[in-house]
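**Q** sequence-free structure coming up:
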């Protein structure tokens, strides 16, 4: 028994099949299986076609890479905890779940405060970045990511402060970008046990 | 598809090149998987504009997370999962009253069915990248476009005889089906039986 070829199968799927195609399908289980395998495939193909990446989107992604990609970074540091959250936690008004840590990275000092958010189950991350000479580093922003895909970005204001709202609980990573410099903070646990607290 | 040296690299090589600062590899990564990211966002409930936002957010997350991918072969799955998460985040932020799942987006379950659909989408995207450009153009013009182009128009654009378009289209679709089945590790009926 011969079978419907692929073009006829697709014609049926797009509503353009002939009566002969439909009659054949009624008798041919193999062709029906073929039709069933191409139905989601055709739908996926259309989804991919509809959602092709536009030139402007690719441009934006390239800019992102130039600004934050590995090639743009000349100097990088890993921030070192100098005042731990365990001590600081008591100085944070409003709750036992809040924590405060101070870090040093090259010529920068960073303070990170984590406290419960207005959104249930989430946390706000607030902090400040200053140079050792007391100046606010220009053009600096912070990127917060979590393993499950949360990502947020904030610019430093004129006081060197930043605010990241409604961060989900779990391990997070924060990176500051200041010109050609990058500062990585060790992974933190937001809303859960913090390894830093044991130091 | 970009014409860079990065075109055709497998995911492991793409990630390695990105980590070395190769912008072309980065662009290639998004030409390859950007449509998957946006399609997952749309399926999660985003509109077209929100899906664009999701793409940039996933790009951002990828830039921060590439070095953490212990197995770059899982890149596509990670991108799809991150796209789903970011899509829920975008909806939560832009449409606070929109009903998502019980609880917050963070705890939203990923049904096995959704994951399988992501896998199928990724497999198809990979299969498309293994097709030659002409096959991709033909399938786009004749099977995906609404309404499809005529054989005459396609023949003229491709510099081919109109009578050759049907057989070429058929070969392209069969090739695509075989690549998908090979990538999915499924047996192909075409290997076992003849076709009309």
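**A** The structure has been received and is ready for your questions. Predicted, not measured: the structure shown is a model, and the values here were computed from it. Numbers count the residues shown, from 1 in each chain, chains lettered A, B, ... in the order given.

**Q** could I get the pLDDT score of residue 132?
**A** Defaulting to chain A. Per-residue pLDDT puts residue A:132 at 88.

**Q** my question was about chain B, not that one.
**A** 93.

**Q** residue B:20 too?
**A** pLDDT, residue B:20: 87.

**Q** now the closest residue to it other than its chain neighbours: how far from residue A:83?
**A** Distance criterion C-beta to C-beta, 6 or more residues apart in numbering or on different chains; nearest residue to residue B:20, sequence neighbours excluded, is residue A:70 at 6.8 Å. Quick note: C-beta positions are derived from backbone N, CA and C, even for glycine. Distance, residue A:70 to residue A:83, using C-beta to C-beta, to the nearest Å: 31 Å.

**Q** more crowded one of those two?
**A** residue A:70 (17 against 13; other C-beta atoms under 10 Å in any protein chain shown).

**Q** mind giving me the domain split of chain A?
**A** As given by automatic domain parsing, the domain ranges for chain A are A:6-68, A:75-198.

**Q** strands of the chain, residue ranges please.
**A** By default, I'm working from chain A. A:75-78, A:80-83, A:99-105, A:108-116, A:122-131, A:140-146, A:151-155, A:161-168, A:170-178, A:181-190 (DSSP state E).

**Q** partners of the first one, with directions?
**A** Yep, that's strand A:75-78 we're talking about. With DSSP bridges as the test, strand A:75-78 is paired with strand A:181-190 (parallel).

**Q** tell me which residues in the partner strand are buried?
**A** A:181-183, A:185, A:188, A:190 (16 or more other C-beta atoms under 10 Å in any protein chain shown).

**Q** please report how far the residue nearest the centre of chain A lies from residue B:90.
**A** For chain A, the residue nearest the mean C-alpha position is residue A:151 (3.3 Å; C-alpha atoms, centre = their mean). In this view, residue A:151 and residue B:90 are 11 Å apart by C-beta to C-beta.

**Q** where do the contact lists of those two overlap?
**A** The contact sets of residue A:151 and residue B:90 overlap at residue B:57 (C-beta atoms under 8 Å, 6 or more residues apart in numbering or on different chains).

**Q** go through the domains of chain A and find the least confident stretch.
**A** domain A:75-198 (a mean of 80).

**Q** quick one on the thing from earlier: dump the domains of chain A to CSV, plus distance to residue B:111.
**A** Output for the domains of chain A, formatted as CSV (distance: least, C-beta to C-beta, whole Å):
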stretch, distance to residue B:111
domain A:6-68, 16
domain A:75-198, 16
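
**Q** quick one: pLDDT of the residue lying closest to residue B:160 once chain neighbours are set aside?
**A** In space, and not counting its chain neighbours, residue B:160 is closest to residue B:168: 7.2 Å by C-beta to C-beta, 6+ apart. pLDDT for residue B:168: 95.
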